[in-house]
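Visitor: no FASTA, just this:
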């Protein structure tokens, strides 16, 4: 089951890059993970905007990889996140231990992060898709 998940995840990640993705509009400046309950992990992300305008809405993902570039998981970044120009946004989610349990075991320095923005709606009403 885990092998199937990893194969599907890698395929989905490669599809995201193939169909277009802005990998520099957002960056993860900090993250934390802790046990929420016996079967879930609570994840907090601090996301920095590098957009040229205030973001009103977006479709994006945050990716976690280990130090050997093996995927750990991806989670959506708030669709209705309002991020002022140059500001940070805090994303807080609870996910299955099955998917993100490794974050509890790995050293923080052994985890890499990346972002992918597929589409964004700016405060002025303009839109971009990648």
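Guide: Right, received. Where do you want to start? Source: prediction; values computed, not measured.
Visitor: which residue is nearest the centroid of this protein?
Guide: Centroid check for the chain by Cα atoms, centre = their mean gives residue 62 as the closest residue, at 1.0 Å.
Visitor: what ranges do the helices span in this structure?
Guide: If DSSP state H is used as the criterion, the helices of the chain fall at 2-19, 97-100, 102-105.
Visitor: Check what pLDDT the residue lying closest to residue 99 once chain neighbours are set aside gets.
Guide: Of all residues not flanking residue 99 in the chain, residue 73 sits nearest, at 4.7 Å (Cβ to Cβ, 6 or more residues apart in numbering). Every residue, glycine included, has its C-beta placed from N, CA and C. On pLDDT, residue 73 comes in at 94.
Visitor: does residue 73 have beta-bridge partners, and which?
Guide: As for beta bridges, residue 73 partners with residue 64 under DSSP bridges.
Visitor: show me what contacts residue 76?
Guide: Going by Cβ atoms under 8 Å, 6 or more residues apart in numbering, residue 76 touches 59, 60, 61, 62.
Visitor: now it: how far from residue 45?
Guide: As judged by Cβ to Cβ, to the nearest Å, residue 76 and residue 45 stand 11 Å apart.
Visitor: Quickly list what's touching both of the two.
Guide: residue 62.
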